[in-house]
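In: Provide a 3D model corresponding to the input given below.
(chains A, B, C and D)
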There are 2 protein chains.
Amino acid sequence: MSAATDGPSTRERILAAALDAFADRGVEATSLDAVASAVGVRKQTLLYWFPSKEQLLLGVVDHAIDELGRELGVAATAAGADRRRRIEAVVDATFRVGRRRPELLAVVREATRLGPPASTHLADAVVSLLPEDIRPQALAFGAQVVGIATEAEVRADLGLPADLAWLRSRRRALLAELTAALA
Amino acid sequence: MSAATDGPSTRERILAAALDAFADRGVEATSLDAVASAVGVRKQTLLYWFPSKEQLLLGVVDHAIDELGRELGVAATAAGADRRRRIEAVVDATFRVGRRRPELLAVVREATRLGPPASTHLADAVVSLLPEDIRPQALAFGAQVVGIATEAEVRADLGLPADLAWLRSRRRALLAELTAALA
DNA sequence: CCGATTGTCTACCAAATGGTAGAGAGCTGT
DNA sequence: ACAGCTCTCTACCATTTGGTAGACAATCGG
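Out: Numbers count the residues shown, from 1 in each chain, chains lettered A, B, ... in the order given. Below you'll find the model as predicted:
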């Protein structure tokens, strides 16, 4: 079974559909049937891969954190060794992710909103991905990013236009905070 | 029927209980039965005062915006006429509200998360409370506050300690943004 | 004193939901 | 060829949920 010809596995398609649905409508408002029909499969197939809705959510959280970590990690590595440049690269990569895949941040917020076990699982997943020496700083950075993403969503809901000055201001804040934290 | 002896009306107690529950567990995860039993009344009494769960949510949003607006309005008025002092008073009152009644901010975030009709109703309620000349600035301020409240919650979930330096930094950011916006 | 209105309750209900039980198709290694 | 494993499906089920119908007591206006 070549992955190239078969495309994403059922499990991966379930995770992708569940990520979209959980981020868009929220976990409680998303039924297993809805996710299943988005994948094109029966609910019992979901329950074969993930024995319960809760397990599915934890899987989605892992998936999202994984992708987020990979994306930011690549950006940091590509930026070379200079700390200043690495910080800028991570911040910019974060904004790219926020624009291209807002679901990833939305699902993080959703997990914290739901509380345990999702939130503890999230914390574990994040922590396991971070080098120990910058762990608290990275966590604070993540929290700030989720806050800014929420602010963006609220702005949209209140009818405020997408504002370049606002974006620049938030980028500056992230850079300043991260630079100070790692000093 | 003197309000002093009767205490809050049934309708008000329903709104208070629903606010708590919606903010704490989320709207979809809160059943009408749960709210009713928190009030000490049957579900059908809720449906007498609010003909549907959706109407109850809209009522809660109005209620929360009302209280928020009153609190900030009082602070602004008490600060006198000097713009700088008024801005500081509003920002500080915001932090007070965030600490004493986080449910108010949580329910705003919840309403934006759920989308229409809750989010549009929220936007209307907020707008109707604002003097026209500072409307966009005030909306941006509100969005920023919700973002910061979310950041605080995420920080807690990730195990970061309550941090005075962080609080100060966010207060400074709010002040700077509001001052610039009203300049 | 009485009809109408207000507010709360009991009794139900149809639909949706998360989850179980188990059948059957198709591939795999021997 | 066949035993076994992997994966998806049909059939069901218990519970919960938002909501309806209408009885019943209390209060109020005339």
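
In: show me the contacts for the one residue sitting closest to the centre of chain A.
Out: For chain A, the residue nearest the mean C-alpha position is A:Leu104 (2.8 Å; CA atoms, centre = their mean). Neighbouring residues of A:Leu104 by CB atoms under 8 Å, 6 or more residues apart in numbering or on different chains: A:19, A:23, A:64, A:67-68, A:97. Using the backbone N, CA and C atoms, a C-beta is placed for each residue, glycine as well.

In: and it, what element?
Out: Secondary structure assigned from DSSP states H and E places A:Leu104 in helix A:102-114.

In: Is that helix in proximity to DNA strand C?
Out: No: if you take CB under 7 Å from any atom of the strand as the test, helix A:102-114 misses DNA strand C, and the best it gets is 12.9 Å.

In: and the next element down the chain from that helix?
Out: Assigned by DSSP H and E, the successor of helix A:102-114 is helix A:118-129.

In: And the contacts of that next one?
Out: A:27, A:54, A:57-58, A:61-62, A:65-66, A:69, A:108, A:110-112, A:135, A:138-139, A:142, B:157-159.

In: Buried ones from those residues, can you make that a PyMOL selection?
Out: Filtering the contacts of helix A:118-129 down to the buried ones (16 or more other CB atoms under 10 Å in any protein chain shown) takes a single PyMOL command:
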select buried, (chain A and resi 27+57+58+61+62+65+108+110+111+112+138+139+142) or (chain B and resi 157+158)
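
In: Checking A:Val61 next. Helix, strand or coil?
Out: Secondary structure for A:Val61, judged by DSSP: H, G, I helix; E, B strand; the rest coil, is helix.

In: Could you report the distance from it to B:Ala173?
Out: 29 Å (CB to CB, to the nearest Å).

In: Grab the CA positions of the helix holding A:Leu104 and hand them over as PDB.
Out: Provided in PDB are the C-alpha atoms of helix A:102-114 (Å, rounded to 0.1, in the frame of the first residue of the first chain):
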ATOM      1  CA  PRO A 102      -6.300  29.300  11.800                       C
ATOM      2  CA  GLU A 103      -7.900  26.000  12.800                       C
ATOM      3  CA  LEU A 104      -4.700  25.000  14.400                       C
ATOM      4  CA  LEU A 105      -4.800  27.900  16.900                       C
ATOM      5  CA  ALA A 106      -8.600  27.600  17.200                       C
ATOM      6  CA  VAL A 107      -8.300  24.000  18.300                       C
ATOM      7  CA  VAL A 108      -5.700  24.900  20.900                       C
ATOM      8  CA  ARG A 109      -8.100  27.500  22.300                       C
ATOM      9  CA  GLU A 110     -10.900  25.000  22.300                       C
ATOM     10  CA  ALA A 111      -8.800  22.500  24.200                       C
ATOM     11  CA  THR A 112      -8.000  25.000  26.900                       C
ATOM     12  CA  ARG A 113     -11.600  26.100  27.000                       C
ATOM     13  CA  LEU A 114     -12.900  22.500  27.600                       C
END
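
In: No more questions from me, cheers.
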